[in-house]
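Asker: when you get a sec, could you give me coordinates for this:
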Amino acid sequence: MNFSQTTFAGEKLVRVSFDSYFDLGVAKEFFYFSESGDLYRHEIYSKNLLDNEI
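Answerer: Below is the predicted model:
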């Protein structure tokens, strides 16, 4: 699900989400972009990746 949010500084962000597949399992990745197109933040979540030590 993609959505937009506004930062405390008033900058509008757009989130794009993807399912990514790795050797250790599936992860959900979130990319947050500013209105100017700059990458603001990247997040990755995967229970499988957290449970395995690399």
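Asker: now the residue nearest to the spatial centre of the chain: closest residue in space that isn't a chain neighbour?
Answerer: By CA atoms, centre = their mean, the chain has its centre lying nearest to residue 30, at 1.4 Å. Among residues not flanking residue 30 along the chain, residue 43 sits closest, at 4.4 Å (CB to CB, 6 or more residues apart in numbering). Any C-beta I mention is one placed from the backbone N, CA and C, and that applies to glycine too.
Asker: these two touch, right, that neighbour and residue 20?
Answerer: No. The criterion here is CB atoms under 8 Å, and residue 43 misses it with residue 20 at 11.7 Å.
Asker: how about residue 20, what does it touch?
Answerer: Counting by CB atoms under 8 Å, 6 or more residues apart in numbering, residue 20 touches 26, 27, 28, 29, 44.
Asker: out of those, which comes closest to residue 13?
Answerer: residue 29 (15.4 Å; CB to CB).
Asker: distance check, that closest one against residue 10.
Answerer: 26 Å (CB to CB, to the nearest Å).
Asker: ok so, going back, now the residue nearest to the centre of the chain: phi and psi?
Answerer: phi -120, psi 130 (degrees, to the nearest 10).
Asker: what's the pLDDT at it?
Answerer: Here the pLDDT value assigned to residue 30 is 92.
Asker: mind giving me the packing neighbours of the helix or strand in which the residue nearest to residue 30 is found?
Answerer: According to DSSP states H and E, residue 43 maps onto strand 39-45. Here strand 39-45 touches strand 25-34, going by 3 or more CB pairs under 8 Å, 6 or more residues apart in numbering; DSSP states H and E.
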